[in-house]
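J.: Build me a model:
(one chain, ligands or ions: 1)
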Amino acid sequence: MSSIYGGRGLELVAGQGAVVRDAKGETWIDFLCGNGSALFGHCHPVLVEAAQKALPSPWTISSSLISGARDGLREALSSLLPKGRVFLCNSGTEAIEAALKLALSFRPGRKKIVALRRAFHGRTMGSLSLTFNPQYRKTWAEFLLPVRHVSVEDAPGAIDAETAVVFVEPVQGEGGVYPLDAATGTAVTKACRESGAILVTDEIQSGWGRCGSLLAGSQIGLDPDIAVLAKGVAGGLPIGAIVWRGELGDFPPRGHGSTYGGNPVIASVALASWGLLHSERYPDRAAESGDFFASLIEGLGSPLIREVRHRGLLLGAELSIKADPAVRELQERGVLALNAGPQVVRFLAPFTAEREHFVTVAKTLGEVLEKLKNARDAAD
Ligand SMILES: Cc1ncc(COP(=O)(O)O)c(C=O)c1O
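T.: Below you'll find the model as predicted:
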């Protein structure tokens, strides 16, 4: 087994909503949520029911056959963009690969690909080319596609008639939880429209309601040609999806495909999750509880917190110290979180987190920071 796995030394055997449990009965508030993919929390009854209903029927069929569940999901997703067309796959990085191929096929002859500094778009070779972090890239740097990584401020000016495609995360998650501002979002959209560059918004972490709307880019003037989704779409089952403006066309014949993409079991769960977004008003509630949580963390007044940045339930607390010891200490005290870059503690609370969970997590973070501050002061 690769050393990628199991580093936290924690095996979970059960979970309900925002709470998970190990075999000894010890519980954690889970604001890690499978790196944000358990967006509805664990074992949401509506999603469990959808999976159970789908399981006795064929799990996987060829993409050349028709699936009612896939059609339903296609219809739902296509409503996100004008005359939206949809491609389904199995993960975020795969969806980015699909978006990259599709965009380049729409703009033959153009060679320039633009992405942002701090961007994270995945780890396969195309998406790794778009990812900024040199640590993730260095071993394969010579094989990657030429991508111009520009600062947020420089982005609109970097888009020109040579540009085939521009990739933007409405909120940079992995790169440190940096929400893009509306002035930049609007300017990037305008530059893409004027130059004819294809605008791709990577909503893998920010989308599907987590940040307060189905697509977070809609809050900041990002009007994509292609929107990319994954993570929470099927409540934690593997899925990736891209939606694009239908008038742009389609993949060239035999230009793309996926064995499992859009399989009936996962499409059924994703369709149920789409239903929940609307029936439970989860995006609105994410905006409200995210603001509440941010105010609790700001209210801690810890001298170790430099800044709290959030959109809805995607929240990062930037520290003046390394984030890893804080994440470890949180786990010791019953809270699962993750880092986003070296100094940011990231919380990816599920829609089903309750007020008491936010209060407990904020209080625990306060205790952890107090302990780390005392340790630092003692060492000075
Ligand atoms: C914005 C963004 N893009 C792409 C990815 C890659 O998704 P996956 O891990 O499903 O390949 C991630 C995963 O964290 C992400 O946050």
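
J.: Return the backbone torsion pair for the residue of the chain at minimum distance from the ligand.
T.: When scored by Cβ to the nearest ligand atom, the chain has residue 92 as its residue closest to the ligand, at 2.2 Å. Placement of C-beta: from N, CA and C, glycine included. Backbone geometry at residue 92, expressed as degrees, to the nearest 10, gives phi -70, psi -50.

J.: Let's see the pLDDT reported for it.
T.: pLDDT recorded at residue 92 is 98.

J.: for it, what are its contacts?
T.: 122, 127, 204, 228, 230, 231, 240 (Cβ atoms under 8 Å, 6 or more residues apart in numbering).

J.: Let me know the average pLDDT across whichever strand or helix holds residue 191.
T.: Assigned by DSSP states H and E, residue 191 falls within helix 182-195. Average pLDDT, helix 182-195: 98.

J.: And stretch 7-26, by the same measure?
T.: For stretch 7-26, mean pLDDT rounds to 97.

J.: Check the contacts of residue 92 and tell me the two furthest apart.
T.: 127 and 231 (14.1 Å; Cβ to Cβ).

J.: and of the contacts of residue 92, the nearest to residue 100?
T.: Taking Cβ to Cβ as the measure, residue 127 is the one of the contacts of residue 92 closest to residue 100, at 7.3 Å.

J.: Which residue ranges of the stretch 101-250 of the chain form helices?
T.: With helices called from DSSP state H, counting those that start in this stretch, the stretch 101-250 of the chain shows them at 125-130, 134-137, 155-158, 182-195.

J.: Reformat the ones you listed as TSV; add mean neighbour count and distance to the ligand.
T.: Output for the helices of the stretch 101-250 of the chain, formatted as TSV (neighbours: other Cβ atoms under 10 Å; distance: least, Cβ to the nearest ligand atom, whole Å):
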stretch	mean neighbour count	distance to the ligand
helix 125-130	23	6
helix 134-137	11	11
helix 155-158	18	16
helix 182-195	18	16
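
J.: quick one, which of the ones you listed is nearest to residue 85?
T.: Taking these one by one with Cβ to Cβ, helix 182-195 is closest: 18.5 Å.

J.: so what does that closest one touch, helix or strand wise?
T.: Helix 182-195 is packed against helix 155-158, strand 163-168, strand 198-202, with contacts defined by 3 or more Cβ pairs under 8 Å, 6 or more residues apart in numbering; DSSP states H and E.

J.: who's in contact with the helix or strand that contains residue 330?
T.: Using DSSP H and E, residue 330 falls within helix 323-332. Residues outside helix 323-332 that contact it (Cβ under 8 Å, 6+ apart): 8, 10, 28, 319, 336-345, 364-365, 368-369, 371-372.

J.: swap in stretch 355-364?
T.: For stretch 355-364, contacts defined as Cβ under 8 Å, 6+ apart pick out 18-19, 29, 31, 289, 292-293, 296-297, 299-300, 330, 333-335, 337, 347, 349.

J.: just the angle between the helix holding residue 191 and strand 163-168, please?
T.: With axes from the mean of the first three to the mean of the last three Cα atoms, to 10 degrees as the basis, helix 182-195 and strand 163-168 are set at 160 degrees to each other.

J.: Counting neighbours, which bits of whichever strand or helix holds residue 378 end up buried?
T.: Assigned by DSSP H and E, residue 378 belongs to helix 355-379. Buried residues in helix 355-379, defined by neighbour count with 16 or more other Cβ atoms under 10 Å: 357, 358, 360, 361, 362, 364, 365, 366, 368, 369, 372.
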